[in-house]
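Asks: Based on what follows, work out the 3D shape:
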Amino acid sequence: MTFADILAAIPQAYTLYAALLILSCKIVTIFIRPPAATSHWAPLFTLVTTIGLNVGWATNRLQVGRTGIMVPRGQVPAAKAAIAAGVSTTP
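Replies: This next block holds a predicted model:
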């Protein structure tokens, strides 16, 4: 079952509310930073990002439990090693 099948199963009278829910979740993910992976809010934020269709190429740069540091693809292993070693990433 795909997401399109789920949306097709919603009665036409409620499609506006479903669209508003998706839009609201997307807006929440734009303005609220993700919590730490150890936070009790992390599962809820992950659910909100999923409902807001932040999947695939549309995922946010900052995610629960992941780094938001932008590095070139060739430097990804070195960046992960630096983070694991506890090296400061601030300039």
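Asks: What's the local residue count around Pro72?
Replies: Residues contacting Pro72 under the criterion other Cβ atoms under 10 Å number 7. For the C-beta atoms, the positions are set from N, CA and C on the backbone; glycine is no exception.
Asks: Which residue is most remote from the mean position of the chain?
Replies: Among the residues of the chain, the one whose C-alpha is farthest from the average of all C-alpha positions is Ala13, by Cα atoms, centre = their mean at 29.0 Å.
Asks: after the helix or strand of the chain with the lowest mean pLDDT comes which helix or strand?
Replies: Within the chain, no helix or strand scores below helix 3-8, which has a mean of 82 by mean pLDDT, DSSP states H and E. Scanning the chain past helix 3-8 towards its C-terminal end, the next helix or strand to appear is helix 15-31 (assignment: DSSP states H and E).
Asks: which parts of that following helix are buried?
Replies: Burial within helix 15-31, assessed by neighbour count using 16 or more other Cβ atoms under 10 Å, is assigned to Cys25, Lys26, Thr29.
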